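Participant: below are the sequence and a predicted model; questions follow.
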Amino acid sequence: MTGTLLATGGAPRTDLVGTLGDWAVRITGLSGWKSGLAYLGAMVVVAALLLAFVALFAGPVTWVERRVAGRMQSRIGPNRVGPHGFLQWLADGLKNLLKEDLVPREADPVLFRLAPYFVWAGMFGTFAVLPFSAAWIAADASIGILYVMAITALVVVGLIMGGWASNSKWSLLGGMRSAAQIVSYEIPTALAILCPVLVAGSLSTQDIIRAQGGWPWQWIAFHDPFCLAALVVFFIASLAEGNRTPFDIPEAESELVSGYNTEYSGFRFLAFLFAEWANLWIMGAVATLAFLGGWQLPGVPADVQAASILLNVAGMAVFVGKTSVLVLVIIHLRWTLPRIRVDQMMNICWKYLVPISFVCLLGAAGWMLVARKLPRAGVAASVALSIAGAALVLSLFVRARWNRLRMGAAAYWKQLT
Amino acid sequence: MEAADIARLIDERLGAGTASVYEDLEPQVAIAPERLVEACLYLRDAQELRFDYMRCLTGLDLPPDAMAVVIHLVSTVLKHRLILRVETSRERPSVPSVEGVWPGAGWFEREVFDLLGVDFPGNRDLRRILLPDEWIGHPLRKDYRESRAFFNIPTRRAESIRVVHGSVPPAEEG
Amino acid sequence: MDRSILQRFDLTGGEMLLNMGPQHPSTHGVINFVIQADGEVMQKAVPEVGYLHRGMEKIAEGMTWAGFMPFTDRIDYLGAMFANQGYAMAVERLLGVEVPRRAEHLRVLACELNRIASHLIGLGSMALDLGASTPFTHAIREREAINDLTEELCGARLTYNYARVGGVSHDIPSGFDARVKRFLDRFLPFVDEFDRLITRNEIFVKRSASVAVITAAEAIAHGLAGPNLRASGVDWDLRRDEPYSVYPEMEFDVPLGRGERGVVGDCYDRFVVRVEEMRQSARIVRQALGGLPAGDIQAKVPRKIKPAPGSCYAAVESARGEMGFYVVSDGGPEPYRVKIRCGSFTAMTIIEHKSPGLMIADLVALFASLDVVAPEVDR
């Protein structure tokens, strides 16, 4: 079945490139090597769709971040351009596009211009295997998760290029710090993501989601305590991958002005920033698909979901919702926590996260062996874990409320006026 | 402890005539430049004095023929204070550096060198601190005149106020 | 950058020579650091100052004694009240004038409010430099209340020009003490919340505890002053040890660094000492306001001030340490010499001493914890 262009073996998969390509081949009647052109066209169309999505996410998420930051910091945030400042990102993007195209005189002419595109390609390439719903994924590769890990490594090349080619010592420092950080944190990310791969038995992103269910106790996160720990490790490591606080030393404003992208302006700078914001989606999406059940609706089997458009839309809403919650958590973390120093960050990675993720991997494997013998105990453990997880989240809200009451916040704010 | 007592202690330790009292609102102990470092070491280390904290070191231009360096000391242990005064000539002012006694004095001496032109032999890094290296002259001197230009930027303007409309009311008396 | 600073370095090894500043988000003011670094670890960091030198001491020799007061605001714009008071005290001692008790209480009140405001900025900036931007905005929000109070009191939010030779310029308006009490009532819960947000944040502690430890002996030898000195364990506070104004009547504690999360004298101690000082200042403000005596706010001082020839050194405990004024009079209407001694000046000298082996990120932490304000260094 040609709908599986990138898939080799395993269960039949459907993805957008495949279905679009099949349809194109059918109506144009191409055959032989020329049918490959139809699939190429399909890829271009799907890539354009993804680009639209990524752009429409990366822009507004800056608005969300700035408003959330304002709310946390007792100020308003952008509120002039558009209703509640919603079009601020459009204005900023336009401004960057209209700027003078500056290349420092001593900068390496080729590498300086190439660097943003490497970073951007490393980010955008992952969208090929990120699912949005049961039937809506650009390319359901059988090596999905592995491909994500691999293509994000392209970002490192771009960062080092940008830092070195800028011909500025501060950019160089920032580039080196960034490269060290991303390369180191690939390890715990990959190890942590191996736990869901183990539980699901496949590297493909859709398969991993299909191995889960809609209800929380059917999620891989609550499958066993080792997978829950793996979720935490993965979340922390992907914060470091994305250069988000507390791991934003490469862009530490108070130390290096802006690290590797100090000398960039205009469209190239926009490309770097675009990649960084879009990375938020990737962080949230991979955690959602691997640990939090992806697009699975509670009580609806995956095949039924794939067949119906309405359920597909519902599944996408669920997926987007879960990812958005994670993105909001990342945003709140940025404006709360200070920055970790470079050597401390390396310590955390190599001395803590890597051993913990190894233990998680072994523990998850051992748990699966045991749970196979005692299926009911496995389900009971999952239910208990999901209740514990919910209780933890609830307790955070309760504690925040208690802090507010203890401080007499209501009276406090009344006094300010 | 009073300045007179401290002067006497210094004399007992380092020889008669090393220290004298300079009368002022708060009496100061005057020491000759060549005995300064030994006196400061004694002031810092003696059990009954323990002046461990040098709080300020400043220079005074006393035309026509003297310059003074005034050192303010305090003892965080015994909670008393002292002002030292070292007088030197005005053509070639030179006072030994006390950076070896109190490391914090280094920058204070640089400032006195920068603004008054006093040399501090023994200071490890005696160069201008507040003014650019290319500055000519020492501004806090009473006979300082600013150069006419600094890197071709003129330091005077022909007329500082130009009346464009109306007239300037006459200056008030008193 | 002046070329002469290069002679402080040994350039044969091929290590990177970096300029941090003079315009840099994290040097508090215009200060340059020339850093010789091997990657992230520094061999030496030499500060270079003088970008903000305005020749204040020379200007003083051309102004009248009373006319120099607004200039003292600009020495350290975050601690303008202290400079006002210090200069006024020095001139008053030369003149032999006694300040009325009401004016002294008002001076203490204004100074302690200024100390809180200055520490809020210092603490917020340190958090900001280490990556947490939210505590800074919260601190600024609280400082707005103090700005409003001082605007009521003397008409200015930053450069107060409040003290005069012989007293203060304005009396408190009606309703002022109610507003100050309202501010104090909500200030202490705010400091607790600030503690929960940043002072006890594990990442912040990791960035600042045991970093750039300054021992008591080093602090005294280099002439550090104020919270920096006390964080190293040295129990020296001018308000208590060289008392001036009405501080002998006030009850307050002097917080010392205890090394509770690291070593005594690390950056964390300098932060915690300032937080504690804010609480103590709130105490003093309450006492100053509560015991405000009736009377004049200005003593009788001749219209043209001409102190008898002589010199005098008066120091106040400013937010950044000891702010001392050594004034020399030759009997004329203008000062013969005014020397301003500031806490930040000596804080700069210790940076070069501490820098070998420190990381660049630690230099940022050290510099922020010393709460240096550049105009004070350069005058």
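Facilitator: Cool, the structure landed.
Participant: gap between the residue lying farthest from the centre of chain B and residue A:146?
Facilitator: Largest separation from the mean C-alpha position in chain B: residue B:166, at 48.5 Å (CA atoms, centre = their mean). Using CB to CB, to the nearest Å, residue B:166 is found at 82 Å from residue A:146. C-betas here are computed from N, CA, C, even on glycine.
Participant: what's the helix or strand harbouring residue B:37 packed up against?
Facilitator: Per DSSP states H and E: residue B:37 is located in helix B:36-45. If you count contacts as 3 or more CB pairs under 8 Å, 6 or more residues apart in numbering or on different chains; DSSP states H and E, helix B:36-45 packs onto helix B:3-14, strand B:81-89.
Participant: got the buried residues for the next helix or strand after the first one?
Facilitator: So that's helix B:3-14. The helix or strand immediately downstream of helix B:3-14 is strand B:19-22, counting by DSSP H and E. Neighbour-count burial for strand B:19-22, counted by 16 or more other CB atoms under 10 Å in any protein chain shown, picks out B:19, B:20, B:21, B:22.
Participant: wait, the first one touches residue B:36, no?
Facilitator: Translated: residue B:19. No - using CB atoms under 8 Å, residue B:19 is not in contact with residue B:36; the gap is 10.4 Å.
Participant: of all the residues in chain B, which one is nearest chain C?
Facilitator: In chain B, the residue that lies nearest chain C is residue B:104 (3.0 Å; CB to the nearest CB).
Participant: still on that earlier bit, among the buried residues of strand B:19-22, which one lies nearest to residue A:64?
Facilitator: Nearest to residue A:64 out of the buried residues of strand B:19-22 is residue B:22 (CB to CB; 70.1 Å).
Participant: what pairs with the closest one across the strands?
Facilitator: Note on residue B:22: beta-bridge partners by DSSP bridges are residue B:28.
Participant: that one against residue B:82, yeah?
Facilitator: No - using CB under 8 Å as the test, residue B:22 is too far from residue B:82 to be in contact (11.8 Å).
Participant: identify the contacts common to those two.
Facilitator: Jointly contacting residue B:22 and residue B:82 under the rule CB atoms under 8 Å, 6 or more residues apart in numbering or on different chains are residue B:29.
Participant: coming back round to it: alpha carbons of the helix or strand just after the helix holding residue B:37, in PDB - could you do that?
Facilitator: Where DSSP H and E defines the elements, the next helix or strand beyond helix B:36-45 is strand B:53-62. This file holds the C-alpha atoms of strand B:53-62, laid out as PDB (Å, rounded to 0.1, in the frame of the first residue of the first chain):
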ATOM      1  CA  TYR B  53      40.200  49.400  59.000                       C
ATOM      2  CA  MET B  54      41.300  52.200  56.700                       C
ATOM      3  CA  ARG B  55      38.100  54.000  55.900                       C
ATOM      4  CA  CYS B  56      39.400  56.800  53.700                       C
ATOM      5  CA  LEU B  57      42.600  58.200  52.100                       C
ATOM      6  CA  THR B  58      42.400  61.600  50.600                       C
ATOM      7  CA  GLY B  59      44.700  64.400  49.300                       C
ATOM      8  CA  LEU B  60      44.700  68.100  50.000                       C
ATOM      9  CA  ASP B  61      46.300  70.800  47.900                       C
ATOM     10  CA  LEU B  62      47.900  73.400  50.200                       C
END
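Participant: for the record, mean pLDDT for strand B:53-62?
Facilitator: Mean pLDDT, computed over strand B:53-62, is 91.
Participant: kindly report the same for stretch A:35-53.
Facilitator: Stretch A:35-53 comes out at a mean pLDDT of 88.
Participant: could you dump that stretch to PDB, C-alpha only?
Facilitator: Output of stretch A:35-53 as PDB, limited to C-alpha atoms (Å, rounded to 0.1, in the frame of the first residue of the first chain):
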ATOM      1  CA  SER A  35       4.600   8.700  -9.300                       C
ATOM      2  CA  GLY A  36       7.400   9.800  -7.000                       C
ATOM      3  CA  LEU A  37       6.700  13.400  -8.200                       C
ATOM      4  CA  ALA A  38       3.200  13.200  -6.900                       C
ATOM      5  CA  TYR A  39       4.500  12.200  -3.500                       C
ATOM      6  CA  LEU A  40       7.000  15.000  -3.700                       C
ATOM      7  CA  GLY A  41       4.100  17.400  -4.400                       C
ATOM      8  CA  ALA A  42       2.200  16.000  -1.500                       C
ATOM      9  CA  MET A  43       5.200  16.600   0.700                       C
ATOM     10  CA  VAL A  44       5.400  20.200  -0.300                       C
ATOM     11  CA  VAL A  45       1.700  20.800   0.400                       C
ATOM     12  CA  VAL A  46       1.800  19.100   3.800                       C
ATOM     13  CA  ALA A  47       5.000  21.000   4.700                       C
ATOM     14  CA  ALA A  48       3.200  24.200   3.800                       C
ATOM     15  CA  LEU A  49       0.300  23.300   6.100                       C
ATOM     16  CA  LEU A  50       2.800  22.500   8.900                       C
ATOM     17  CA  LEU A  51       4.500  25.800   8.300                       C
ATOM     18  CA  ALA A  52       1.300  27.600   8.700                       C
ATOM     19  CA  PHE A  53       0.600  25.800  11.900                       C
END
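Participant: CSV for the helices and strands packed on helix B:36-45, including mean neighbour count, distance to chain C and mean pLDDT?
Facilitator: Output for these, formatted as CSV (neighbours: other CB atoms under 10 Å in any protein chain shown; distance: least, CB to the nearest CB, whole Å; pLDDT from 0 to 100):
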stretch, mean neighbour count, distance to chain C, mean pLDDT
helix B:3-14, 17, 13, 85
strand B:81-89, 20, 7, 91
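Participant: follow-up on the earlier one: out of the buried residues of strand B:19-22, who's nearest chain A?
Facilitator: residue B:22 (48.4 Å).
Participant: got a list of what that closest one touches?
Facilitator: Contacts of residue B:22 (CB under 8 Å, 6+ apart): B:28, B:29, B:30, B:85.
Participant: the last one against residue B:68, yeah?
Facilitator: Yes - look at residue B:85 against residue B:68 with CB under 8 Å: they come within range, at 5.7 Å.
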